[in-house]
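In: let me see the structure of the following:
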Amino acid sequence: MPFLRRYGRALTRCQKAGDSLAIRARQDTRRTISVISAKEIRISLFRSLHGAWTSPSAILLSIAAARKRVEQLTPGALETLLLRAIEEFSFGEIGTILHRSEAEASELFEIALRERPYQRGKKVLIIEDDALIAMDIANCISEMGGIITGVARTATQAVELAGTYMPQMILTSPVLADRSSGLEAAKTISAGKGGIDVVVVSPDPQTLLQGEPAEPLFVLEKPYLEDQVRSAVRQAFILSQS
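Out: Okay, here's the model as predicted:
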């Protein structure tokens with residue numbers, strides 16, 4: 001469920017809307033859960049969520065608003081990007097979830113990468129105490145055309161850096177070496193500054209996806225793949241700009 005909720009919130013950019021999709025998917029799948037395998041359950045849950053996401057019936061206004069933000073994109077492209085790069089489904093599994101063929105899912109993934117590229121020049125602050133991870137993320141963002149405004153090892157340093165160069169996006173570890181909180185630093189920086197998206201990279205993402213208030217919308221698991229970082233950053237950009 002935590003990862004189903006992560007996908008729902010990545011689609012909608014709204015915790016309440018994403019969670020409502022996940023809950024509806026669980027309810028729709030519950031009646032068959034005893035007769036299918038764990039792998040089939042996962043696919044079935046995401047398939048049910050996709051059905052709720054695309055349903056024309058009356059749903060939360062926040063979900064309708066989220067769909068409107070991405071309606072200029074090729075149908076299924078954004079979903080394929082998230083399912084492949086973040087949730088790590090195969091193209092065959094994505095086809096099953098989206099009611100497409102494997103070949104169509106593969107094509108939609110390539111379309112998603114071309115259709116709404118990351119905006120060059122976007123300012124990004126990295127909050128990470130592991131020098132190698134920070135360098136890897138910085139290189140990934142720089143290759144996309146982003147501008148690294150700073151790399152902070154503590155929450156205090158992050159707030160200080162943001163005071164000099166206010167970022168448009170923050171990639172952070174939840175807990176830093178001095179036991180300070182990267183998440184709290186991100187909240188402090190974002191306070192009163194609308195439009196700052198936060199991507200959290202955590203060795204235990206499920207602890208951040210427990211239904212508590214103000215959860216991060218984008219959560220990646222360590223160790224991560226570079227494509228996952230790129231996709232999370234690109235998705236944050238797509239939804240914040242649409």
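
In: okay, now the domains of this protein?
Out: 2-114, 123-241 (automatic domain parsing).

In: as CSV, those domains with mean neighbour count and mean pLDDT would be great.
Out: (Glycine included, C-beta is placed from N, CA and C.) Output for the domains of the chain, formatted as CSV (neighbours: other CB atoms under 10 Å; pLDDT from 0 to 100):
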stretch, mean neighbour count, mean pLDDT
domain 2-114, 18, 82
domain 123-241, 18, 80
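
In: show me where the chain has strands.
Out: Here the chain has its strands, by DSSP state E, at 123-127, 147-152, 169-172, 197-202, 218-221.

In: relative to I63, which of those strands is closest?
Out: strand 218-221 (18.0 Å; CB to CB).

In: follow-up on the earlier one: so can I have TSV of the strands of the chain showing distance to F3?
Out: Listed next are these as TSV, based on distance: least, CB to CB, whole Å:
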stretch	distance to F3
strand 123-127	23
strand 147-152	28
strand 169-172	19
strand 197-202	13
strand 218-221	9
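
In: R100 is nearest to which of those strands?
Out: strand 218-221 (24.7 Å).

In: partner strands of that closest one and their direction?
Out: Strand 218-221 has the following strand partners under DSSP bridges: strand 197-202 (parallel).

In: now the angle from the strand it pairs with to strand 123-127?
Out: Inter-element angle recorded for strand 197-202 and strand 123-127: 30 degrees (by axes from the mean of the first three to the mean of the last three CA atoms, to 10 degrees).

In: so what's the residue nearest the centre of the chain closest to, chain neighbours aside?
Out: Centroid-nearest residue in the chain, with CA atoms, centre = their mean: F218, separated by 3.5 Å. Nearest in space to F218, with sequence neighbours left out and distances taken as CB to CB, 6 or more residues apart in numbering, is V199 at 4.3 Å.

In: residue boundaries of the helices in this structure?
Out: Assignment of helices within the chain using DSSP state H yields the ranges 2-12, 15-30, 38-54, 61-69, 77-81, 91-98, 102-115, 131-143, 155-164, 182-190, 226-241.

In: compare these and report which one is nearest to P203.
Out: helix 131-143 (10.6 Å).

In: nearest to I141, of the strands of the chain?
Out: So among the strands of the chain, strand 123-127 is nearest, using CB to CB, at 5.1 Å.

In: check which helices and strands that closest one sits against.
Out: When contacts are defined as 3 or more CB pairs under 8 Å, 6 or more residues apart in numbering; DSSP states H and E, strand 123-127 packs onto helix 131-143, strand 147-152, helix 155-164, strand 169-172, helix 182-190.
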